[in-house]
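Asker: Okay, sequence plus prediction incoming.
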Amino acid sequence: QVQLVESGGGLVQAGGSLRLSCAASERTFSEYAMGWFRQAPGKEREFVAAISFSGGSTYYADSVKGRFTISRDNAKNTVYLQMNSLKPEDTAVYYCAADSIVSTWFHQYTYWGQGTQVTVSS
């Protein structure tokens, strides 16, 4: 059982930056692919970014490509999402997720964090 805890959300002005962190309880964290998803009110959960277990492969939604960067530190059992040039449409609850297979499809992921709110004001 992998427990995931997100942090780093908050309120930021458009054009600003935030870095989200997701800490995992599992010692075998390096065996899991990790993903970030987000869900805005009244909308479906959508893919943001994903990273392979080694960190060698990364994937991004077109809407965040060039602005967001996913990374991981397996020694710290943590995955990060650096978000730059934030836009009001990035406002959502952000979730991290873990699974043995890297995917952009949220149904693939077995383990989920509780989410952290990101609000971007215009």
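Answerer: Yep, it's here.

Asker: rest of the way, CA atoms for contacts and neighbours
Answerer: Fine.

Asker: now the most centrally placed residue in the chain, nearest residue through space, not along the chain?
Answerer: Centroid check for the chain by CA atoms, centre = their mean gives W36 as the closest residue, at 2.5 Å. The shortest distance from W36 to any non-neighbouring residue, by CA to CA, 6 or more residues apart in numbering, is to C96 (4.5 Å).

Asker: one step back: list the helices and strands the strand or helix carrying the residue nearest to the centre of the chain packs on?
Answerer: Here W36, judged by DSSP states H and E, is contained in strand 33-39. Secondary-structure packing of strand 33-39 (3 or more CA pairs under 8 Å, 6 or more residues apart in numbering; DSSP states H and E): strand 46-51, strand 92-99.

Asker: could I get those strands as CSV with distance to V5 and mean pLDDT?
Answerer: Shown next, in CSV, are those (distance: least, CA to CA, whole Å; pLDDT from 0 to 100):
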stretch, distance to V5, mean pLDDT
strand 46-51, 17, 98
strand 92-99, 8, 97
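
Asker: Redo these as JSON lines? Include mean neighbour count and distance to A14.
Answerer: As requested, these are exported to JSON lines (neighbours: other CA atoms under 10 Å; distance: least, CA to CA, whole Å):
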{"stretch": "strand 46-51", "mean neighbour count": "24", "distance to A14": "18"}
{"stretch": "strand 92-99", "mean neighbour count": "25", "distance to A14": "14"}
